[in-house]
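Engineer: Quick check, what structure comes out for this input:
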Amino acid sequence: MTADFPRKTADEVIAELAKRFREPARDRRVYCVLGTYGQLEKFTPRLRDLCQKNSLSNDGEVVAFHDLNKALIEYLEAQGKLSKATELADKLRDKELGRLMNETWAEWLSQQTGKHFGLVLAGFELFFSYLDSNALALVRQYAINGKHLCLVLPGAERDRQVWAFDETPEFRRQITGLVSEWTYVLNDGGMSA
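Structural biologist: Predicted structure coming up:
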């Protein structure tokens, strides 16, 4: 029988993530936190602050927080590719833009996992707008050699399936490949009382 997706309060999820990030990773460690936009609006800044204070991991191990909406644009700009991406978007050349974004995502993720012990990734709107359905599979590929990655996604679990952007049916996407016992569903407002 498949394990259930744990439903936890924000405080319980943070405690669980801190425990997981401190454990040695002998297998692929990809965690996920699901919640409504309202819940994540309160939860995500707490998680970002803990990453900035290096409170989620052991001494000497950095867990970096990244909002992908911002990080991917900044990376495109740093690589001198932002104007090309903008031009492709303006001309509705989606296939070319998709290839450029997939290359950018792979380069950025490789660079970040090389620099940090762990990553917490949030802000997936740009990511899912321009990347193909296999792009998230890269996270599992890079969660090796003791690396831990956590995805903070607006979404829900229904019938043992994870749906990103569940609140907006026209953008809803099924997410596969997550370990159910490491996929936490927020069951409170994202803050402690």
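Engineer: Tell me where this protein has strands.
Structural biologist: Assigned by DSSP state E, the chain shows strands spanning 7-8, 29-35, 63-67, 118-122, 148-158, 161-164, 173-175, 183-186.
Engineer: which helices and strands sit right next to the first one?
Structural biologist: To tie it back to what came earlier, the one meant is strand 7-8. strand 183-186 (3 or more CB pairs under 8 Å, 6 or more residues apart in numbering; DSSP states H and E). In short, each C-beta sits where N, CA and C put it, glycine included.
Engineer: what does the strand it packs on rub up against?
Structural biologist: Strand 183-186 is contacted from outside by 5-10, 12-13, 16-17, 31-36, 39-40, 43, 156-157, 162, using CB atoms under 8 Å, 6 or more residues apart in numbering.
Engineer: Please pick the buried ones from those residues.
Structural biologist: Using 16 or more other CB atoms under 10 Å as the burial test, the contacts of strand 183-186 include 5-6, 8-10, 12-13, 16-17, 31-35, 39-40, 43, 156-157, 162 as buried.
Engineer: low pLDDT regions in this structure?
Structural biologist: Along the chain, the model assigns pLDDT under 70 to residues 1-3, 132-133, 189-193.
Engineer: Okay, angle between the biggest helix by length in it and strand 118-122 too, please.
Structural biologist: Under DSSP state H, the helix in the chain containing the largest number of residues is helix 94-115. The directions of helix 94-115 and strand 118-122 differ by 150 degrees, with axes from the mean of the first three to the mean of the last three CA atoms, to 10 degrees as the criterion.
Engineer: got a list of what the residue most central in space within the chain touches?
Structural biologist: In the chain, the C-alpha closest to the average C-alpha coordinate belongs to Leu151, at a distance of 2.6 Å (CA atoms, centre = their mean). With contacts defined as CB under 8 Å, 6+ apart, Leu151 is in contact with Val30, Tyr31, Cys32, Val33, Leu121, Ala122, Phe124, Leu136, Val139.
Engineer: Sounds good, over and out.
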